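Asker: here's my sequence, what's the structure:
(chains A and B)
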Amino acid sequence: GAVVSQHPSRVICKSGTSVKIECRSLDFQATTMFWYRQFPKKSLMLMATSNEGSKATYEQGVEKDKFLINHASLTLSTLTVTSAHPEDSSFYICSAREGSMVQYFGPGTRLLVL
Amino acid sequence: QQPVQSPQAVILREGEDAVINCSSSKALYSVHWYRQKHGEAPVFLMILLKGGEQKGHDKISASFNEKKQQSSLYLTASQLSYSGTYFCGTEIQAGTALIFGKGTTLSVSS
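Answerer: Model (predicted):
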């Protein structure tokens, strides 16, 4: 299957700082990427849909000014958590769709805000 | 809009079978099944499109009943490696984001 990478895999930061997470499709072009958030033992909650060259579409309740998404190329989308607080600590996972069918997930980024 | 998965948890011994169900109140374009192990990202298992098809590979198969808007994942002769949390992701239109159910935790012991 197709490969999606995420970087970093784990990050610890101080409250008030910003953290950038990169999501790359390594062997295919992804016009659409998705960002999910997952709390321990919970389901994957869709945060936003990222389209190459246009603004991301955020789900209801997700603050667009807090979670900045940029999809600069067909293989790269970034999520920046601005002014992070302890409640932002979570497992963030991106996915990319190959064609119009299968959605492949990256390995995830575990964020801990102290 | 979140699909409903059942059961919430299943405990099996090696070699036993299990069925996991995923139901939606909305008409679906497709259903995707993933397995997630603790601390890892979900791994794609299979996709079913509307049309009531059935798919499978090895001892894992799935069906999609379009009339009921329900998909079932069948795990036969379970192995230890089948342990994990199974999520169904539903798509109401082609190309849109998947909305995931709450997951079914499967534990297989020897």
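Asker: contacts and neighbour counts: CA atoms only from here.
Answerer: OK.
Asker: mind checking how far the nearest residue to residue A:25 once chain neighbours are set aside is from chain B?
Answerer: With Cα to Cα, 6 or more residues apart in numbering or on different chains as the criterion, residue A:25 has its nearest non-adjacent residue at 4.5 Å, and that residue is residue A:4. Counting by Cα to the nearest Cα, to the nearest Å, the gap from residue A:4 to chain B is 11 Å.
Asker: who are the contact partners of residue A:4?
Answerer: Shown here is residue A:4, whose contacts under the criterion Cα atoms under 8 Å, 6 or more residues apart in numbering or on different chains are A:23-26, A:95-96, A:104-107.
Asker: where does the prediction get shaky in chain B?
Answerer: Scanning chain B for pLDDT under 70 picks out the ranges B:52-56.
Asker: what about stretch A:19-36, average pLDDT?
Answerer: Taken as a whole, stretch A:19-36 has a mean pLDDT of 93.
Asker: not counting its own residues, what contacts that stretch?
Answerer: The set of residues that contact stretch A:19-36 without belonging to it, under Cα under 8 Å, 6+ apart, is A:2-8, A:13, A:44-52, A:74-82, A:84, A:92-99, A:106, A:109, B:97.
Asker: tell me the residues of chain A that contact chain B?
Answerer: In this structure, chain A approaches chain B at residues A:34, A:42-46, A:49, A:93, A:100-108, judged by Cα under 8 Å from any Cα of the partner chain.
Asker: need the buried ones from the residues you listed selected in ChimeraX.
Answerer: Entered in ChimeraX, the line below selects the buried ones among these, by 16 or more other Cα atoms under 10 Å in any protein chain shown:
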select /A:34,43,44,45,46,49,93,102,103,104,105,106,107,108
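Asker: tell me which residues in stretch A:30-40 are buried?
Answerer: A:30-38.
Asker: check stretch A:69-87 too.
Answerer: By neighbour count with 16+ other Cα under 10 Å, stretch A:69-87 contains the buried residues A:69-71, A:74-82, A:84-85.
Asker: gap between that stretch and the chain center?
Answerer: From the chain centre to the centre of stretch A:69-87 is a distance of 6 Å (Cα atoms, centre = their mean, to the nearest Å).
Asker: what's around residue 50, how many residues?
Answerer: You didn't say which chain, so I picked chain A. For residue A:50, the number of neighbouring residues by other Cα atoms under 10 Å in any protein chain shown comes to 28.
Asker: my bad, the chain I had in mind was chain B
Answerer: Around residue B:50 sit 16 other residues, with neighbours defined as other Cα under 10 Å.
Asker: same question, residue B:1
Answerer: Here the neighbour count serves as a burial measure; for residue B:1 (other Cα under 10 Å) it reads 11.
Asker: quick check: it is in a helix.
Answerer: No: judged by DSSP: H, G, I helix; E, B strand; the rest coil, residue B:1 forms no part of a helix; its state is coil.
Asker: please verify my assumption that it contacts residue B:27.
Answerer: No: no contact is recorded between residue B:1 and residue B:27 when judged using Cα atoms under 8 Å, the distance being 10.4 Å.
Asker: ok, now how distant is the closest residue to residue A:78 other than its chain neighbours from residue B:27?
Answerer: If you skip the residues right next to it in sequence, residue A:78 has residue A:22 as its closest partner in space, 4.5 Å away by Cα to Cα, 6+ apart. Distance, residue A:22 to residue B:27, by Cα to Cα, to the nearest Å: 34 Å.
Asker: between those two, which one's more packed in?
Answerer: Under the neighbour definition other Cα under 10 Å, residue A:22 and residue B:27 were set side by side, and residue A:22 has more, 20 against 16.
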